[in-house]
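Novice: pasted the sequence and its predicted model underneath.
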Amino acid sequence: MDKDTQNISVPENLKPEDISSGEELVPAEVAARKAREGEFTPDPKQGKDKSVDTTAGYTVSEQGLVNNYAVTPEVYEEQKSSVQKRRDYTMLGVVALAVGILLIGAAITVNLLA
């Protein structure tokens, strides 16, 4: 025991049921949620194995507190191979180069005619 708490006198008429363990203390947000939504009911998706549904991005504790976290995106295979992508980007580059050459040629032609 701590030196400061050894000298605390307990009244003789104190009954054991009058002593508080602190479990009746409820955080303000939990009390407000209970007043707003009623008593907490477990998520039916959790089932008997108590596994947690992680697709929503949050969990709710038994006290009603929300725990937010990042949702991991679903992993998928890439549809196009790197060879197909390289061919697509090469064709895009050729088209962009042709458009650039045509614009420069049109600008030179307009400049010469003016």
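Specialist: Sure thing, it's come through. Numbers count the residues shown, from 1 in each chain.

Novice: quick check: longest helix of this structure.
Specialist: Determined from DSSP state H, the single longest helix within the chain is helix 82-113.

Novice: what about this protein, any weak spots by pLDDT?
Specialist: For the chain, the stretches with pLDDT under 70 are 1-10, 16, 21, 23, 40-55.

Novice: mind listing the helices for this structure?
Specialist: Using DSSP H, helices in the chain cover 28-37, 82-113.

Novice: which one of those lies nearest to Glu17?
Specialist: Proximity to Glu17, assessed across the helices of the chain by CB to CB, is greatest for helix 28-37 (23.1 Å). (Each C-beta comes from the backbone N, C-alpha and C, glycine too.)

Novice: which elements pack onto the closest one?
Specialist: Counting contacts by 3 or more CB pairs under 8 Å, 6 or more residues apart in numbering; DSSP states H and E, helix 28-37 packs against no other helix or strand.

Novice: which residues touch Ala70?
Specialist: Gly57 (CB atoms under 8 Å, 6 or more residues apart in numbering).

Novice: please disregard the earlier target; I meant Lys80.
Specialist: Asp88.

Novice: ok, now Glu29?
Specialist: 64-65.

Novice: and if we set it to 10 Å?
Specialist: Going by CB atoms under 10 Å, 6 or more residues apart in numbering, Glu29 touches 63-66.

Novice: among these, which one has the most neighbours?
Specialist: Gly64 (18 neighbours; other CB atoms under 10 Å).

Novice: which residue, other than its chain neighbours, is closest to that residue?
Specialist: Leaving aside its chain neighbours, Gly64 sits nearest to Arg33 (4.5 Å; criterion: CB to CB, 6 or more residues apart in numbering).

Novice: next up, the contacts around the one you found.
Specialist: Applying CB under 10 Å, 6+ apart to Arg33 gives the contacts 26-27, 39-40, 60, 63-66.

Novice: which other helices and strands does the longest helix of the chain contact?
Specialist: Secondary-structure packing of helix 82-113 (3 or more CB pairs under 10 Å, 6 or more residues apart in numbering; DSSP states H and E): no helix or strand packs against it.
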